[in-house]
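Novice: structure here, sequence nowhere to be found:
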């Protein structure tokens, strides 16, 4: 693999500021899975003024809904889902201290601005390399919203989970950079 | 006249659901290896290597290659000499999906209603397309269709005057708008002609073809090659990180259409191009 920087969660602002668009990373530590339905519930909870079931300040969310674990395994296949579906929910979460997200696909201008404003980072994981990603997960447990099945919030302990910095806290965008570099007219 | 029991249909569907999710087709793998060798972008090359590695793990361990084990789409070619016994034909297929998704530890990804969005828990209902064909065999094709790529599909009722140039602009534009979302490298199924719904259906049927097989009509075969070339010039690359390999293949299916219409549909497929068939 191209040279990768090893980083541990929780991510400090000083570490986030060293991460530049296009950088390969290997993430170790805790990440929380959450996607469409969980985000909707989280925002509704915040709007009511209630406490969240999971404290997201300082954490990383992995946009993923795993397939069921075979007996004896920690987790099923667990690749990223398309991040832009969570765009409308994201600036609020960054404001309350979320520090990173792992997903696939580009983010909105609002999200990219919020990453700069609140010093956070968006990582891209390889869409479809879900069996490979599962090997990086050492522990998995439901943290909230068990009734959502695959869409529950799960607390994962990962070791050297491969990802790439797509949007850093400076406004960079790997999808734009990549396309410009390889586009042939 | 030949009798087929619904239990045999369920068993076949169950097996196909699992096989499709565990074993990526050799034609797709072969094209991925080819693209990995030719990919100019180091990140792109690394992504393709990992996708290939992932397929090997999935096959070895009998686990899904992607966590999105898809909306189960079933194509049934039912010989008109067949008598189906033991129950309802469609329900037999649904039961096969239930069983396959349970025993294969595949993900339930269907909600009962688009607004209330409560998961059905067993990946049913499947979407079933039946064609009655000559003979006394039943051929079942199960193709799990992931939401990410499906969401990037588009259909447009073009004016006939738009012609081939209009079709090219629409298809390439669709891939461009999709960007990284459908997990490139993609396979692009294109339907041209038919009615609104027929156009979309033939675009999906186009995805069942083997990678690299061209349309039998030389005009459309050339259009497939030209579109592949145009798309790979976009620079989107493997999972959108930039590179030469944005699409593995483009396949066109064509149908007669109305004198006033030129319907064009793009059914986007990700690199986990999953489909398995069985004849009983």
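Specialist: Done, it's in. The structure presented is a predicted model; accordingly, all values stated were derived computationally and were not measured.

Novice: show me the shaky parts of the chain.
Specialist: You didn't say which chain, so I picked chain A. A:1 (pLDDT under 70).

Novice: can you give me the helices for it?
Specialist: Along chain A, the segments classed as helices by DSSP state H run A:13-18, A:36-48, A:90-95, A:109-118, A:130-134, A:174-182.

Novice: residue of chain A nearest chain B, please.
Specialist: residue A:178 (2.1 Å; C-beta to the nearest C-beta). Where C-beta positions appear, they are placed from N, C-alpha and C, glycine not excepted.

Novice: circling back: minimum distance to residue B:93: which of the helices of chain A has it?
Specialist: Comparison of these against residue B:93 by C-beta to C-beta identifies helix A:130-134 as nearest, at 25.8 Å.

Novice: what helices and strands are in contact with the closest one?
Specialist: Packing partners of helix A:130-134 (3 or more C-beta pairs under 8 Å, 6 or more residues apart in numbering or on different chains; DSSP states H and E): helix B:42-61.

Novice: just want the angle from the helix it packs on to helix A:174-182.
Specialist: Put simply, helix B:42-61 runs at 120 degrees to helix A:174-182, going by axes from the mean of the first three to the mean of the last three C-alpha atoms, to 10 degrees.

Novice: wait, residue B:251 touches residue B:212, no?
Specialist: No: assessed by C-beta atoms under 8 Å, residue B:251 is found out of contact with residue B:212, at 9.7 Å.

Novice: in terms of neighbours, single out the busier of these two.
Specialist: Under the criterion of other C-beta atoms under 10 Å in any protein chain shown, the comparison of residue B:251 against residue B:212 puts residue B:251 first, with 27 against 13.

Novice: pairing partners for the more buried one in the sheet, please.
Specialist: On the basis of DSSP bridges, residue B:251 is bridged to residue B:189.

Novice: that one and residue B:269: what is the separation?
Specialist: In this view, residue B:251 and residue B:269 are 9 Å apart by C-beta to C-beta, to the nearest Å.

Novice: now residue B:129
Specialist: In terms of C-beta to C-beta, residue B:129 sits 16 Å off from residue B:269.

Novice: so these two - more neighbours on which side?
Specialist: Set residue B:129 next to residue B:269 and count neighbours by other C-beta under 10 Å: residue B:269 wins out with 31 against 13.

Novice: look up the closest residue to that one, ignoring the ones flanking it.
Specialist: Leaving aside its sequence neighbours, residue B:269 sits nearest to residue B:187 (C-beta to C-beta, 6 or more residues apart in numbering or on different chains; 4.2 Å).

Novice: residues near that neighbour, how many?
Specialist: By other C-beta under 10 Å, the residues close to residue B:187 number 25.

Novice: how about the contacts made by residue 2?
Specialist: In the absence of a named chain, chain A is used. Counting by C-beta atoms under 8 Å, 6 or more residues apart in numbering or on different chains, residue A:2 touches A:24, B:42, B:43, B:46.

Novice: that's the other chain; I wanted chain B
Specialist: Contacts of residue B:2 by C-beta under 8 Å, 6+ apart are B:79, B:81, B:82, B:83, B:136.

Novice: go again with 6 Å.
Specialist: By C-beta atoms under 6 Å, 6 or more residues apart in numbering or on different chains, the contact set of residue B:2 is B:81, B:82, B:136.

Novice: how near is the last one to residue B:83?
Specialist: It stands for residue B:136. Distance of residue B:136 to residue B:83, given as C-beta to C-beta: 9 Å.

Novice: so for the two, which sits in the more crowded spot?
Specialist: Ranked by neighbour count (other C-beta under 10 Å), residue B:136 and residue B:83 place residue B:136 first, with 14 against 9.

Novice: residue B:40 should be in a strand, yeah?
Specialist: No: read with DSSP: H, G, I helix; E, B strand; the rest coil, residue B:40 is coil and lies in no strand.

Novice: please see if stretch A:4-18 touches chain B.
Specialist: No: Stretch A:4-18 lies out of reach of chain B by C-beta under 6 Å from any C-beta of the partner chain, never closer than 9.8 Å.

Novice: which residues touch that stretch?
Specialist: Applying C-beta under 6 Å, 6+ apart, the contact partners of stretch A:4-18 are A:24-30, A:58, A:60, A:99-100, A:119, A:121, A:169.

Novice: again with stretch B:138-154
Specialist: Contact with stretch B:138-154 is made by A:82, B:4, B:12, B:16-17, B:20-21, B:68-78, B:174, B:178, B:181-182, B:266-270, B:274-280, as judged by C-beta under 6 Å, 6+ apart.

Novice: just stretch A:22-35 next, same as before
Specialist: Outside stretch A:22-35, the residues that reach it (C-beta under 6 Å, 6+ apart) are A:2, A:4-9, A:59-65, A:81, A:151, A:153-165, A:174.

Novice: which of those residues are buried?
Specialist: Taking 16 or more other C-beta atoms under 10 Å in any protein chain shown as the criterion, what is buried in the contacts of stretch A:22-35 is A:4, A:7, A:9, A:59-65, A:81, A:151, A:153-158, A:161-165, A:174.

Novice: run through the strands of chain A in chain order.
Specialist: Ranges of strands in chain A, per DSSP state E, are A:4-8, A:24-33, A:60-62, A:100-103, A:121-124, A:137-144, A:153-167.

Novice: ok, the stretch 1-150 of chain B next?
Specialist: According to DSSP state E, counting those that start in this stretch, the stretch 1-150 of chain B carries its strands in the segments B:2-5, B:71-79, B:82-85, B:127-133, B:138-145.

Novice: closest to residue A:86 out of these?
Specialist: strand B:71-79 (20.7 Å).

Novice: how does chain B divide into domains?
Specialist: Structural domains annotated on chain B: B:2-20+B:65-145, B:148-273, as defined by automatic domain parsing.

Novice: most tightly surrounded among those?
Specialist: Mean neighbour count (mean count of other C-beta atoms under 10 Å in any protein chain shown) peaks for domain B:148-273 among the domains of chain B, with a mean of 20.

Novice: please name the nearest non-neighbouring residue to residue A:165.
Specialist: Distance criterion C-beta to C-beta, 6+ apart; nearest residue to residue A:165, sequence neighbours excluded, is residue A:23 at 4.5 Å.

Novice: residue B:16 too?
Specialist: Closest residue to residue B:16 apart from its sequence neighbours, by C-beta to C-beta, 6+ apart: residue B:142 at 3.8 Å.

Novice: residue B:264 touches residue B:156, doesn't it?
Specialist: Yes: using C-beta atoms under 6 Å, residue B:264 makes contact with residue B:156 at a distance of 5.4 Å.

Novice: shared neighbours of these two, anything?
Specialist: Common neighbours of residue B:264 and residue B:156, using C-beta under 6 Å, 6+ apart, are residue B:170.
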